[in-house]
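J.: With the input below, show me the fold.
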Amino acid sequence: MKKVIVYCFALLLITTVGCQKESLNLEEADIAKETEITQKGGYANASNIQNNELIILYPDGTTEAEKILKRAEYDIQSHKKCECADPNLELWTIQERKGPNNDGGLEEKREAARSDEEIEGAEYNPEIKILDNVFVETGGIGFVNDAMQKQVILNQGVTIAVLDTGIDYNHTGFPEAFLYNSADTGCTDNGYDEIFGWNFVNENNNPYDDHYGRHGTIVASLIISELESANVDYQILPVKVANSGGNISYFDALCGFQYAANKPDVDIINMSFGWYHQERELLERFILEAPDKLVITSAGNEGLNNDEIPHYPSSYDSENILAIAALANHQVPGYNSNSYASGSFSNPSVGGISALADFSNRGVTSVDIAAPGEQIPFAYNNEIFYVDGTSYSAALTSGYSGSIHVDGMSGIVLKTAVIQNCIFSPYLDDLEHSSFLPLFDD
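T.: The predicted model follows:
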């Protein structure tokens, strides 16, 4: 990295600008959607959107003085740091230039940053959208003190990080103690001390699920159901990256992933969200750099072939990613409920029929296996709701993966073990491994 650094200038900038983090109002950003595909019940959808923000990755070892100079060089309006996760990540708000050539606009800044020897990565900051579920509930307010009552005394067994809308600690379906204990790996930022997880939306230590569809709470509940059934030691690390409206800043998703990946005792990272077309190289890079974690992702809910229309992060080519489709909740010709559970089929030659839910994405090279994802029961406020989506297929798979995890397993080894425990089905030849997890007894 070239070292054309004028330290007196850096000191002057530190004095006038300071190292204080700039708070960005992402909801008020002037957003122009490029594409948007509406998703089925509860699944996370990404709109490939372009606003006036750039995500910047500095090389390791970049000093604060060098960062200040770099911000000044690009004449940015404000910035947000990725505290508690990755000091090399920043979100820049770019000063929009109005002129005949729009010199110095977002695209020009991005191209300049991508060719800059002192910047390692530069990407747009699209918004990922989690749609509401079959019911709408006022988000409410969660209190850290209430959540601490459900914190484990000591982290034991498997740890699963849930990147989502957060967790409703007051949900009656949760056990007495299930939340991660951050005593040994906690961070301090924005005047808050980490206790059991982090909120990257509001930059505090309260990752409460205020989403009107309770997406993260449902995902966590399904994970816990599998772990409780297996009677194993576990804890859940809530990582709130989506706001009450279900909007995820890609920058917050990156920070949330790095936050979870940096914790040595996190074994599985569940990401029940996604987007189409745009590969987004920074998240792919971060996943590749965390081979000790099993990253479980939802395949998507548009009935698309992900081999032809890539869906990310499930379509990333990484050995530690497990991409999950949704099984149908109905019988297909050639098998009944007993054969479905046992894996034996009376008519395996029936062609053109899939055991996947109609809405589920698929892909012979891009989607690994299937798990239940249609009409999944969820008890809430003394009522039973039924939810659909590969978000929940991924959650059940995360719980199952945690139940067979053994200390010292890498993400790649655990992925192999999960696939080996699946049941082959000739009706799942539209998946890479043509198999499913028999998680619900029919």
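J.: Could you use CA atoms for every contact and neighbour count after this?
T.: Fine.
J.: can you give me the strands in the stretch 101-250 of the chain?
T.: For the stretch 101-250 of the chain, the strands defined by DSSP state E, counting those that start in this stretch occupy 121-124, 127-130, 158-164, 188-189, 192-193, 198-199, 234-240, 247-249.
J.: The stretch 301-442 of the chain: strands as residue ranges?
T.: 311-312, 321-327, 369-372, 376-380, 383-387, 423-424, 435-436.
J.: Dump these to CSV, plus mean neighbour count.
T.: Shown next, in CSV, are those (neighbours: other CA atoms under 10 Å):
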stretch, mean neighbour count
strand 311-312, 26
strand 321-327, 30
strand 369-372, 30
strand 376-380, 15
strand 383-387, 13
strand 423-424, 19
strand 435-436, 28
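J.: Now distance to G256 too, for those, in TSV please.
T.: Shown next, in TSV, are the strands of the stretch 301-442 of the chain (distance: least, CA to CA, whole Å):
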stretch	distance to G256
strand 311-312	16
strand 321-327	17
strand 369-372	25
strand 376-380	26
strand 383-387	25
strand 423-424	33
strand 435-436	29
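J.: For stretch 173-187, give me every contacting residue.
T.: With CA atoms under 8 Å, 6 or more residues apart in numbering as the test, stretch 173-187 has contacts from 84, 147, 149-155, 159, 193-197, 221, 224, 234-238, 263, 379-380.
J.: closest to T297 out of the strands of the stretch 301-442 of the chain?
T.: Closest to T297 of those, according to CA to CA: strand 321-327, at 5.0 Å.
J.: what is the rounded mean pLDDT of the closest one?
T.: Over the span of strand 321-327, the pLDDT mean works out to 97.
J.: other SSEs contacting that strand?
T.: Applying 3 or more CA pairs under 8 Å, 6 or more residues apart in numbering; DSSP states H and E, one finds that strand 321-327 makes contact with strand 294-298, strand 369-372, helix 390-404.
J.: between the last one and strand 376-380, how many degrees?
T.: To tie it back to what came earlier, the one meant is helix 390-404. Angle of helix 390-404 versus strand 376-380, following axes from the mean of the first three to the mean of the last three CA atoms, to 10 degrees, is 90 degrees.
J.: by contact count, what packs against helix 390-404?
T.: Packing contacts for helix 390-404, counted by 3+ CA pairs under 8 Å, 6+ apart, involve strand 158-164, helix 215-230, strand 268-271, strand 294-298, strand 321-327, strand 369-372, helix 411-420.
J.: Listing request: residues of the stretch 51-200 of the chain with sub-threshold pLDDT.
T.: For the stretch 51-200 of the chain, the stretches with pLDDT under 70 are 97-104, 132-139.
J.: Now with 90, please.
T.: Applying pLDDT under 90 to the stretch 51-200 of the chain flags the ranges 51, 83-84, 95-105, 129-142, 146, 170, 183-187.
J.: Got the domain ranges for this structure?
T.: 52-124, 144-436 (automatic domain parsing).
J.: Please identify which of those domains is closest to L131.
T.: Among the domains of the chain, domain 144-436 comes nearest to L131, with 6.3 Å by CA to CA.
J.: what distance separates the closest one from the centre of its chain?
T.: 8 Å (CA atoms, centre = their mean, to the nearest Å).
J.: Tally up the residues packed near the closest residue to N421 other than its chain neighbours, please.
T.: Spatial nearest neighbour of N421, excluding adjacent residues (CA to CA, 6 or more residues apart in numbering): L437 at 7.3 Å. A count of nearby residues for L437, using other CA atoms under 10 Å, gives 22.
J.: residues contacting L437?
T.: L437 makes contact with I369, A370, A371, P372, T397, N421, C422, I423, according to CA under 8 Å, 6+ apart.
J.: Would you check that the first one makes contact with P438?
T.: Okay, so that is I369. No. With contacts counted by CA atoms under 8 Å, I369 stays clear of P438, the gap being 11.2 Å.
J.: tell me, what's touching these two both at once?
T.: Listed contacts common to I369 and P438 are C422; contacts here mean CA under 8 Å, 6+ apart.
J.: picking up where we left off before, mind putting the contacts of L437 in TSV, distance to Y124 and pLDDT included?
T.: Output for the contacts of L437, formatted as TSV (distance: CA to CA, whole Å; pLDDT from 0 to 100):
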residue	distance to Y124	pLDDT
I369	31	98
A370	32	97
A371	33	97
P372	34	95
T397	31	98
N421	39	96
C422	38	97
I423	41	95
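J.: Adding distance to I94, write the residues you listed out as a markdown table.
T.: Output for the contacts of L437, formatted as a markdown table (distance: CA to CA, whole Å):
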| residue | distance to I94 |
| --- | --- |
| I369 | 42 |
| A370 | 42 |
| A371 | 43 |
| P372 | 44 |
| T397 | 40 |
| N421 | 49 |
| C422 | 48 |
| I423 | 51 |
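J.: so what's A323 up against?
T.: With contacts defined as CA under 8 Å, 6+ apart, A323 is in contact with I296, T297, S298, A299, S314, S315, S366, V367, D368, I369, A394.
J.: Could you do G373 as well?
T.: Contacts for G373 (CA under 8 Å, 6+ apart) come out as 325-329, 357, 387-393.
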